[in-house]
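Engineer: Sequence unavailable; structure follows:
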């Protein structure tokens, strides 16, 4: 004698029939040709593995009873199936972090070093990933670098600092995870960068006459100040230079390179700390002078990613200050900042890279 269905079974069956009708009547029929796995999350449990490779169209051609009679499929697996079908009916991906506060449309802060909510890579499905890639393509920002847009370079492996977003655009999430060079940590970084970009640009219509400039917040603030200085008839005092330009850079170095590097940089510039020679810094930290120079080079490596145009901007500002009779203190500070962030020994390398086409290596 057949067992009578329980009230929970009836509810589940009705839920399946309702979502089945919704999907079949949806104007977005393209989704019916995607496999069920397209909407599965790494964090999902009790997935109906027997169904994941089937397209929605193939699944929806069967009745509830036919699907439920599949080998290895019980009521919990059917509950998971219905959950995935409901997820597939939505036009927006599931939330992977707390919502961010909307930024002003002039300059978006891509790297203020603060997370607006806990990012969970386990909540990223193939559908969500495809949405993020679509946003990057629509706004034509595939050339932007992972390192330039990351919250902090300390969490980003150096080998992908200069990897453009376009490197990942033609990959599925599964293909990215299968890359020999990409473990979970690296995949998480890439996903978080794409997530942040999508959150910032999702409400911006790329077809309109206005656009958004993706740049680290400190860069936008400094460049705005520099342009304001050029409109004056008098040069800024050294304390204004330190407040509006040097301090924001030092704060960013602490975010991207850590407190030790930032402290060494402060002491070299004498901003927020006493001037110290490399010898004294090495003695104080109990390391060699070579190690101090190595740490100082981290400032250059960070700025090459975060503010690649900074070398030109600082040189032009230094020239303007000289032409407008700035104080010796101001001239010395801008020269020291230039040498810290863009040492002369790297100039020939930078000029060579500018002259050569950009190439990406895996």
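Structural biologist: Sure, I can see it. None of the values given here were measured: they were computed from a predicted structure.

Engineer: use CA for all of it now, contacts and neighbours both
Structural biologist: Noted.

Engineer: So, low pLDDT: which residues of the stretch 151-300 of the chain?
Structural biologist: For the stretch 151-300 of the chain, residues meeting the criterion pLDDT under 70 lie at 210.

Engineer: how about the helices in it?
Structural biologist: 173-177, 184-201, 217-230, 238-241, 247-257, 259-269, 278-285, 289-306 (DSSP state H, counting those that start in this stretch).

Engineer: what helices or strands is the fourth one leaning on?
Structural biologist: Using 3 or more CA pairs under 8 Å, 6 or more residues apart in numbering; DSSP states H and E as the contact criterion, the elements in contact with helix 238-241 are helix 328-341.

Engineer: How many neighbouring residues does residue 217 have?
Structural biologist: Residues lying near residue 217 (other CA atoms under 10 Å) number 17.

Engineer: returning to that earlier point: quick one, which of the helices of the stretch 151-300 of the chain is nearest to residue 323?
Structural biologist: Nearest of these to residue 323, taken as CA to CA: helix 217-230 at 11.4 Å.

Engineer: Can you give me the neighbour number for the residue nearest to residue 48 when sequence neighbours are not counted?
Structural biologist: Of all residues not flanking residue 48 in the chain, residue 77 sits nearest, at 5.0 Å (CA to CA, 6 or more residues apart in numbering). Residue 77 sits with 19 neighbouring residues when counted by other CA under 10 Å.

Engineer: Can you pull out the residues in contact with the helix or strand where residue 77 lies?
Structural biologist: Per DSSP states H and E: residue 77 is located in helix 75-89. Contacts to helix 75-89, defined as CA atoms under 8 Å, 6 or more residues apart in numbering, come from residues 9, 12, 15-16, 19-20, 22-23, 31, 36, 39-40, 46-48, 68, 94.

Engineer: hang on, the earlier thing: can you check the pLDDT for the residue nearest to residue 48?
Structural biologist: Looking at residue 77, its pLDDT stands at 84.

Engineer: Kindly provide the distance from it to residue 18.
Structural biologist: Computed as CA to CA, to the nearest Å, the residue 77 to residue 18 distance reads 18 Å.

Engineer: that older thread, check the helices of the stretch 151-300 of the chain for me and report the most buried one.
Structural biologist: Among those, helix 247-257 has the highest mean neighbour count (mean count of other CA atoms under 10 Å), at a mean of 21.

Engineer: Specify the local secondary structure of the residue lying closest to residue 43 once chain neighbours are set aside.
Structural biologist: Spatial nearest neighbour of residue 43, excluding adjacent residues (CA to CA, 6+ apart): residue 122 at 4.9 Å. Under DSSP: H, G, I helix; E, B strand; the rest coil, residue 122 falls in the helix class.

Engineer: Report the contact partners of residue 122.
Structural biologist: Applying CA under 8 Å, 6+ apart to residue 122 gives the contacts 41, 42, 43.

Engineer: ok now the helix holding residue 77, how far from the chain's centre?
Structural biologist: Relative to the chain's own centre, helix 75-89 is displaced by 31 Å; criterion: CA atoms, centre = their mean, to the nearest Å.

Engineer: Next: stretch 200-219.
Structural biologist: The mean C-alpha position of stretch 200-219 is separated from the chain mean by 14 Å, CA atoms, centre = their mean.

Engineer: Quick one, grab the pLDDT at the nearest residue to residue 310 once chain neighbours are set aside.
Structural biologist: Closest residue in space to residue 310, ignoring its immediate chain neighbours: residue 303 at 7.6 Å, by CA to CA, 6+ apart. Reported pLDDT at residue 303 in the predicted model: 97.

Engineer: Surely residue 303 touches residue 341?
Structural biologist: Yes - between residue 303 and residue 341 there is a contact at 6.5 Å, judged by CA atoms under 8 Å.

Engineer: any idea how far residue 206 lies from residue 30?
Structural biologist: 23 Å.

Engineer: How about residue 72?
Structural biologist: Going from residue 72 to residue 30 by CA to CA gives 29 Å.

Engineer: With residue 279 instead?
Structural biologist: Per CA to CA, residue 279 is found 66 Å from residue 30.

Engineer: now swap in residue 82 and tell me
Structural biologist: Relative to residue 30, residue 82 is positioned 19 Å away (CA to CA).
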